[in-house]
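S.K.: sharing a model prediction with you, sequence too.
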Amino acid sequence: MNKTAIWVQALRPRTLPAAIGPIVLGQTLVAPEHFSWLTAILCLICALALQLAVNLANDLFDGLSGVDEHDRLGPRRALQAGLLSAGELRVGLMLMLGVAVATGLWLVLFGHWLLWALGGLALLGVLGYSGGRRPYANLGLGEVAVWLFFGPVAVLGSLLAQQSPVHGGAILAASLVGLPVAAILVVNNLRDRHTDARAGKLTVAVRLGPQATRWLFSILTWGPWLVSLPLGLAAWAWLAWGGIGLAALVLNMKMWRHDGSALNPVLGQTALYSLAIALWLGLSLR
């Protein structure tokens, strides 16, 4: 593999739909008189940079801590496989964080003051997930953090960046959209539960076991779909809602039937499902 391909693999672009969906949803909920294309684009760039940063941080910190070893079931990690050095990953991580901070500074300077707190929380979230003395992923808090950052922080932060009023529909959408994104991590942690337990990483899957973890996935994927029943909407909305429900059914069938490395395709498919839910919520709740 050449260096470009190695970096693309380390950045894991297949996870990006999970970052795109909540931002697009947030922007669709902005009041028209407050909407700015520049602000919307900067929100998206900031979210994508943070997502890529956390991917590099996980590769770096899990490699250094010994969580990633030769028997890893997921896609190859750059540090564990010897494709990139820790120094190279640190440089990439700093570059991604630099992009996030640069765009974030513009947003906080021209948006609501609460963005200072949300921005600082997001940076801590990136570095604290698998880094530091007590990574919160090791404490079984990963899914909660993913829901928080890809739900309320991303959606309501988008409204605050546009200086748009926060209304009840936005709060409901923010609460729902982070659920299928958290389901991506559930798949990842179910696949890795044996190696995580060996490394002392007490994820939700390690704590709950495989059956309860699969039930959690079902709740996170079916929940936002059931709550967003298109009552009072046109026939096309029912067709769209039904199509998303069919996708949820397929995902859950795969989740309940497969294990180990066979779950790898489900990660990207759940990310795309989270994007579909975000787009649906934007259409049905705006």
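M.R.: Cool, got the structure.
S.K.: ok, residue 138 to residue 275 distance?
M.R.: Separation of residue 138 from residue 275 (Cβ to Cβ, to the nearest Å): 28 Å. (Glycine included, C-beta is placed from N, CA and C.)
S.K.: now swap in residue 220 and tell me
M.R.: Distance from residue 220 to residue 275, counting by Cβ to Cβ: 15 Å.
S.K.: same check on residue 77?
M.R.: Look at residue 77 and residue 275: by Cβ to Cβ, they are 24 Å apart.
S.K.: residue 259 and residue 191 touch, don't they?
M.R.: Yes. Residue 259 is in contact with residue 191 according to Cβ atoms under 8 Å; the separation is 7.4 Å.
S.K.: more neighbours: which of the two?
M.R.: The residue with more neighbours, out of residue 259 and residue 191, is residue 191; 23 against 15, by other Cβ atoms under 10 Å.
S.K.: what's near enough to touch the nearest residue to the more buried one once chain neighbours are set aside?
M.R.: Nearest non-adjacent residue to residue 191, counting by Cβ to Cβ, 6 or more residues apart in numbering: residue 263, 4.4 Å away. Listed by Cβ atoms under 8 Å, 6 or more residues apart in numbering, the contact partners of residue 263 are 187, 190-191, 254-255.
S.K.: so which of those is the closest to residue 162?
M.R.: Nearest to residue 162 among the contacts of residue 263 is residue 187, at 32.6 Å by Cβ to Cβ.
S.K.: report pLDDT for the closest one.
M.R.: Note for residue 187: predicted pLDDT of 97.
S.K.: same question for it, what's its three-state structure.
M.R.: Per DSSP: H, G, I helix; E, B strand; the rest coil, the secondary structure class of residue 187 is helix.
S.K.: in terms of pLDDT, where does the closest residue to residue 136 other than its chain neighbours sit?
M.R.: Distances taken as Cβ to Cβ, 6+ apart put residue 128 closest to residue 136, at 5.6 Å, once the chain neighbours are dropped. pLDDT recorded at residue 128 is 92.
S.K.: residue 68 too?
M.R.: You'll see residue 68 listed with a pLDDT of 63.
S.K.: go on, residue 231?
M.R.: Looking at residue 231, its pLDDT is 87.
S.K.: quick one: it and residue 284, what's the gap?
M.R.: In terms of Cβ to Cβ, residue 231 sits 9 Å off from residue 284.
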